[in-house]
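J.: I'll drop the sequence and a predicted model, then ask my questions.
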Amino acid sequence: MVYLTRKAEFAASHYYHNPEFSAEENLRIFGKCNNPNGHGHNYTLEVTVKGNVDPQSGFVVDLKELKDILDREVLDAMDHRFLNKEVPEFFTQIPTTENLAIVIWQRLAPKLNKAQLHRVRVYEMPDLFADFYGEA
């Protein structure tokens, strides 16, 4: 089994808000991240796939194909976007780093043919990250 990791960077804005909470509770739990005008982050994304090396091509996955999938499913959809208002998954869930990792997993996993998604790691720069390994 061989593991390959592709890295990408993107920038996006968001805010944290739970409509089931009162205004006071949202402010208490999310603090300045509850500002409806949002705030931005630079993100680093690492996507790790695993699989066996194809003896004919020498690839676990064609890295150009993986890059194209990442661009289409993640970067084109999320880079320089207001996540709460422009990414459908975040119309109804809070775009935390943890949820971002899960959404990216859900977007990528069904698009891979030969390699299997192993890990999605999202860094909210400068110092926070979330790993998602999918369901066992």
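T.: Nice, I can see it.
J.: packing partners for the longest helix along the chain?
T.: For the chain, the longest helix by residue count, based on DSSP state H, is helix 97-108. Other helices and strands packing on helix 97-108, by 3 or more Cβ pairs under 8 Å, 6 or more residues apart in numbering; DSSP states H and E, are strand 39-51, strand 116-124, strand 128-132. In short, each C-beta sits where N, CA and C put it, glycine included.
J.: Single out the most deeply packed of these.
T.: Among the helices and strands packed on helix 97-108, judged by mean count of other Cβ atoms under 10 Å, the one packed with the most neighbours on average is strand 116-124 (a mean of 19).
J.: Look up phi and psi at residue 11.
T.: Torsion angles at residue 11 (phi, psi; degrees, to the nearest 10) stand at phi -120, psi 140.
J.: Please tell me how far it sits from residue 134.
T.: Look at residue 11 and residue 134: by Cβ to Cβ, to the nearest Å, they are 26 Å apart.
J.: Outside of stretch 109-128 itself, list whatever touches it.
T.: Stretch 109-128 has contacts (Cβ atoms under 8 Å, 6 or more residues apart in numbering) with 3-4, 41-51, 54, 59-61, 66, 69, 73, 97, 100-102, 104-105, 108, 129-134.
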